[in-house]
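Chemist: got a sequence here, can you model it:
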Amino acid sequence: MATSTLSGADPGVGATLDRVVVIATAARRDEREQREIELDELEELARTLGTTVLERSLINLREPHPATFLRSGTVDAVAGRVAELDRPAVLINDQLTPRQQRNLQEAWDVPVLDRTEVILAIFARRARTAEGRVQVEMAQLEHLLPRIAGGWSHLERQRGGVGLRGGPGEKQIEVDRRLIRQRLKRLRQRLSVIERQRQTRRTARTDVPLASCALVGYTNAGKSTLLNHLTHSAVLADNLLFATLDPTSRRLELPSGRRVIVTDTVGFIQSLPTELVEAFAATLEEVRQAHLLAIVVDGSHPDAEQQLVTVLDTLRDMRCDQPSLLLISKCDRLTASELRSVRLRLGDLAGTSPLPISAIRGTGLREFRLMLDSMAARVVPQTRANRAVVAAPVESAETRAAG
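Modeler: Residues are numbered from 1 along each chain as shown. Next up, the predicted model:
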């Protein structure tokens, strides 16, 4: 049974997320198809958490209510349905303000998580390395800080001043905020040390003139599976969102004998929480430092175009303008006509000709190696060093786990 805690909820509300109801909203009739796709993604996020989704609902909502996000009639209807289902937690595919989240939890008497908290919970569960755990805790604390008001009943109490029998003293909420800020300061210092260690290892790699290629793309696009088949590795490649959180690098020998470093990176997602983008800046640095980018898109996904837009926008925000390849993964799931249509649409969006691949069947992998070989030759000239049997150490999740 999956058990996860709600960071800012009153413990009396109930603290497990083993059974959930998922909710999304649509402002207009023509938005419903897109919102259904987003609701599918929220279900996948819930599955990644290991929870059982009892029910899903798409609710019409022209404008969010400032106090409860949903209209009062909808709040009452959901309350009745939640009671009938024996009070599962509720996941909402929108960003809730602290006030809205608090009021919904009081109205439904169950934990309520918005999209950001669902993603944070997944990251907290799947982080494996020391760096990943520090980054996730920082993101959780940044998200919690504005939500602690009213989160616990003890926040209403005040502490008396030193040596005084009574008096206002320091409110518990102020103590909690101060403790959170102190913890954040210590975590930032620890992350700074880890990043210096990462930079040292990165420098050791760049001393040997090997080109590097980062596999980037939407979460669950098939990046880890591609890395495994290219390099004969056994990196975790599960059919789950955010199966990979920590970057993993492997050496790949290309047809010319040239060697490159291929790095599997954390997947992107629509509306990625700001806290996570900031906390994972060190991890995302692997993408910025790469000589080449291989953008992987799941061509079989019904929302492939929007996923590519999300990836391209994220790379633009990160100021990543390296030479890149566009790979349409999982092409074995498409018919010939579907593949032609997907190639045309995605190629127009990216302004390049995409290469269809299937890591499972090996389709397109030889062509990918040849294209990567040609691009690597332009960014790092061929030398004796990058063809040597002994190359610089490659950083991976396993090597950092001991840190």
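Chemist: part of a strand, is residue 113?
Modeler: Yes - assignment of residue 113 by DSSP: H, G, I helix; E, B strand; the rest coil places it within a strand.
Chemist: give me the number of residues near it?
Modeler: Neighbour count of residue 113, defined by other CB atoms under 10 Å: 28. For glycine as for every other residue, the C-beta is placed from the backbone atoms N, C-alpha and C.
Chemist: that one contacts residue 90, doesn't it?
Modeler: Yes - the criterion here is CB atoms under 8 Å, and residue 113 meets it with residue 90 at 7.5 Å.
Chemist: show me where this structure has strands.
Modeler: In the chain, the strands defined using DSSP state E lie at 19-26, 52-60, 89-92, 112-114, 211-217, 248-253, 259-264, 292-298, 324-329, 355-356.
Chemist: kindly reformat the ones you listed as CSV containing mean pLDDT and distance to residue 366.
Modeler: Below are those laid out as CSV (pLDDT from 0 to 100; distance: least, CB to CB, whole Å):
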stretch, mean pLDDT, distance to residue 366
strand 19-26, 94, 42
strand 52-60, 94, 40
strand 89-92, 95, 43
strand 112-114, 93, 45
strand 211-217, 92, 16
strand 248-253, 88, 13
strand 259-264, 90, 15
strand 292-298, 95, 15
strand 324-329, 96, 13
strand 355-356, 96, 11
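Chemist: could those strands go into a markdown table alongside distance to residue 77?
Modeler: Listed next are those as a markdown table, based on distance: least, CB to CB, whole Å:
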| stretch | distance to residue 77 |
| --- | --- |
| strand 19-26 | 11 |
| strand 52-60 | 9 |
| strand 89-92 | 12 |
| strand 112-114 | 15 |
| strand 211-217 | 39 |
| strand 248-253 | 46 |
| strand 259-264 | 44 |
| strand 292-298 | 35 |
| strand 324-329 | 41 |
| strand 355-356 | 46 |
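Chemist: quick one: which of these is nearest residue 175?
Modeler: When the strands of the chain are compared by CB to CB, strand 112-114 sits nearest residue 175, at 25.7 Å.
Chemist: can you pull out the low-pLDDT segments for the stretch 301-403 of the chain?
Modeler: 381-403 (pLDDT under 70).
Chemist: closest one to residue 347 among the strands of the chain?
Modeler: strand 324-329 (7.2 Å).
Chemist: partners of that closest one, with directions?
Modeler: Note on strand 324-329: by DSSP bridges, its sheet partners are strand 292-298 (parallel), strand 355-356 (parallel).
Chemist: give me whichever of those strands is most buried.
Modeler: Greatest average neighbour count among the strands paired with strand 324-329 goes to strand 292-298 (a mean of 24), per mean count of other CB atoms under 10 Å.
Chemist: residue 332: neighbour count?
Modeler: 16.
Chemist: again, but for residue 353
Modeler: 10.
Chemist: thought it was touching residue 347?
Modeler: Yes - between residue 353 and residue 347 there is a contact under CB under 8 Å: 5.6 Å.
Chemist: list residues touching both of these two?
Modeler: residue 326 (CB atoms under 8 Å, 6 or more residues apart in numbering).
Chemist: now the helices for this structure?
Modeler: 32-48, 72-84, 98-108, 115-126, 130-144, 172-207, 223-231, 274-279, 281-289, 304-317, 336-350, 365-379, 397-401 (DSSP state H).
Chemist: which of these sits closest to residue 295?
Modeler: Comparing those by CB to CB, helix 304-317 comes nearest, at 6.0 Å.
Chemist: what residues does that closest one touch?
Modeler: 34, 37, 216-218, 221, 268-270, 272, 287, 293, 295, 297-298, 301, 342, 345-346, 349-350.
Chemist: mind checking which of the residues you listed are buried?
Modeler: 216-218, 221, 268-270, 272, 287, 293, 295, 297-298, 301, 342, 346, 349-350 (16 or more other CB atoms under 10 Å).
Chemist: next, count neighbours for residue 94.
Modeler: For residue 94, using other CB under 10 Å, the count is 18.
Chemist: that one touches residue 70, doesn't it?
Modeler: No - using CB under 8 Å, residue 94 is not in contact with residue 70; the gap is 9.7 Å.
Chemist: between these two, what contacts are shared?
Modeler: 25, 64.
Chemist: among the strands paired with strand 324-329, which is nearest residue 49?
Modeler: Comparing the strands paired with strand 324-329 by CB to CB, strand 292-298 comes nearest, at 20.8 Å.
Chemist: and residue 61, how close does it get to residue 210?
Modeler: 52 Å (CB to CB, to the nearest Å).
Chemist: ugh, wrong one, I meant residue 89
Modeler: 47 Å.
Chemist: those two - which one has more neighbours?
Modeler: residue 89 (27 against 24).
Chemist: and the gap between residue 342 and residue 298?
Modeler: To residue 298, residue 342 is 10 Å away according to CB to CB.
Chemist: same check on residue 194?
Modeler: 31 Å.
Chemist: same question for residue 90.
Modeler: 28 Å.
Chemist: repeat for residue 267
Modeler: Residue 267 is 10 Å from residue 298, by CB to CB.
Chemist: which residues are in contact with each of those two?
Modeler: 217, 218, 220, 221.
Chemist: residue contacts, the residue nearest to the first one when sequence neighbours are not counted?
Modeler: Looking back up the chat, that one is residue 217. By the measure of CB to CB, 6 or more residues apart in numbering, the closest residue to residue 217 outside its immediate chain neighbours is residue 296, 3.7 Å from it. By CB under 8 Å, 6+ apart, residue 296 lies in contact with 215, 216, 217, 221, 222, 223, 226, 327, 329.
Chemist: same thing but 6 Å
Modeler: 215, 217, 221, 222, 223, 327, 329 (CB atoms under 6 Å, 6 or more residues apart in numbering).
Chemist: in JSON lines, list those along with distance to residue 144.
Modeler: Putting these into JSON lines (distance: CB to CB, whole Å) gives the following:
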{"residue": "215", "distance to residue 144": "32"}
{"residue": "217", "distance to residue 144": "30"}
{"residue": "221", "distance to residue 144": "30"}
{"residue": "222", "distance to residue 144": "34"}
{"residue": "223", "distance to residue 144": "30"}
{"residue": "327", "distance to residue 144": "38"}
{"residue": "329", "distance to residue 144": "36"}
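Chemist: can you pick the most crowded of those residues?
Modeler: residue 223 (32 neighbours).
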